Every structure is written in C-alpha cells, then in structure tokens.
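Asker: this is a predicted model, with the sequence first.
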Amino acid sequence: MMRVFPAGFVWSAGLLTADQLEALAPPPGEPRRAPDPHPLDEALIEQLTADSRATLDDLAAALGSSASTVRRRLDLIVPGQVVRLACEVDLGLLGIHAEALLWITTGPGSPEDVGDELSRHPQERFAAATTGAANLLVAVAAADLAGLYTFLTGTVGPIDGIHGVEVTRILSSVKRTGQLRTAVS
C-alpha cells in the first residue's frame with residue numbers, strides 16, 4: 001500500500017446520522033504531529049494490542065510505570081496518530097452479509113480521484129492506493145449480494161478513470177484490524 005484514503009476511518013455503513021458522526025469526530029483543527037518516540041511507547045502499544053480495554057492502572061503495572069505517565073503518553077500518541085483507535089463489530093449484527101475486496105485498475109492519473117471518491121461512500125470500509133496490477137484496493141460491505149451488485153454497477157461503474165475491477169468476495173473473516181485470534185489449545 002502506498003497511500004491510505006482516510007475517509008474510510010470514519011466508516012459507519014450509513015447507519016449513523018450526521019450529528020452522531022460529528023459527536024464521535026476528533027476536535028477540529030490541524031492534526032497534531034507525531035511525538036518524539038519514547039522508550040515506553042512500543043511496550044504501551046503492545047499492551048494495547050493485547051488488551052485495548054486495559055485501564056491506566058493495568059497498563060502502568062504491566063509497564064512498570066505510573067498511570068499518569070501512561071496517560072501522558074496516550075495523550076500524545078493518539079492525537080499524533082501514532083496509534084489509531086478503532087471499534088470492530090460483527091457486521092451481521094448490522095444487517096451486513098456481503099463483503100468484498102475490489103482490485104481496481106485506473107489510468108496513471110486517476111488513482112487519487114477514484115480512491116478519494118470511493119472512500120467517501122457509506123459502503124466503503126477501506127481504500128488504499130497499491131502497487132501491482134491494480135492501482136487501488138477497496139473493501140466494501142453491503143446488506144447482501146444484490147446490494148454488492150448495485151454498488152458495483154451503480155457506484156463503481158459510472159466513475160470515470162476506472163479501466164477494470166476484479167472482485168474478491170470475503171466469505172468469512174479470521175482476523176480484523178486490531179483483533180488477535182485466540183490460541184487454540
């Protein structure tokens with residue numbers, strides 16, 4: 001991946017109102033620059049990866065630090081986009097039963113425009129510019145196969161600059177962003 005289109009980071013499947021999305025958004029303004037690395041950061045990120053619900057006290061104990069130090073590092077690395085907080089849900093609970101990866105081929109001047117346009121669509125979960133035979137990778141979710149077909153023909157099809165699309169249907173997910181698969185004994 002050469003570039004990730006950030007609009008997908010606020011994916012809501014079109015289920016949230018504009019007011020609800022606004023309430024969840026970070027405060028307006030310039031994004032903070034990433035803080036200078038601190039020896040605690042890597043271990044803190046590892047702890048959060050293992051258990052993102054850990055309390056400040058739990059994190060501090062695991063890291064041999066204080067809760068106030070952990071809080072200060074989190075207050076720097078989250079707004080500095082060193083880590084990104086995400087909530088993953090079972091899409092079936094939202095009425096979404098069809099997912100696919102779209103491998104899109106565009107002209108050399110089109111990946112930015114096509115990726116940006118698709119990243120703003122409610123059914124798009126992730127979009128990135130890639131190297132290889134396809135210029136873009138786009139993950140989409142729909143209620144069912146008919147909804148996926150409608151997305152392909154009604155949304156993707158009319159976009160200027162797209163030369164080809166390969167669709168890989170996702171039948172099941174083993175791992176999602178940030179989730180660790182539990183060990184099988």
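Answerer: Structure's in. What do you need? Every value quoted in this text rests on a predicted model; they were computed, and no experiment measured them.
Asker: the chain: strands as residue ranges?
Answerer: Taking DSSP state E as the criterion, the chain contains strands spanning 3-4, 98-106, 124-129, 136-142, 162-170.
Asker: could you export those strands as TSV, including mean neighbour count?
Answerer: Using the backbone N, CA and C atoms, a C-beta is placed for each residue, glycine as well. Below are the strands of the chain laid out as TSV (neighbours: other CB atoms under 10 Å):
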stretch	mean neighbour count
strand 3-4	14
strand 98-106	20
strand 124-129	21
strand 136-142	22
strand 162-170	13
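Asker: ends of stretch 136-147, how far apart?
Answerer: 21 Å (CA to CA, to the nearest Å).
Asker: which residues sit against it?
Answerer: 1, 8, 13, 91, 95-104, 106, 111, 114-115, 118-119, 123-130, 148, 150-151, 170 (CB atoms under 8 Å, 6 or more residues apart in numbering).
Asker: give me that answer again for 7 Å
Answerer: By CB atoms under 7 Å, 6 or more residues apart in numbering, the list of residues contacting stretch 136-147 from outside reads 13, 91, 95-104, 106, 111, 114-115, 118, 123-130, 148, 151.
Asker: then stretch 149-157?
Answerer: Residues contacting stretch 149-157 (CB under 7 Å, 6+ apart): 102, 121, 123, 140, 142, 162, 165, 167.
Asker: quick one, helices of the chain?
Answerer: For the chain, the helices defined by DSSP state H cover 18-24, 39-50, 56-63, 67-77, 111-119, 145-150.
Asker: show me the shaky parts of the protein.
Answerer: Low-confidence segments of the chain (pLDDT under 70): 7-10, 26-27, 29-31, 87, 174-185.
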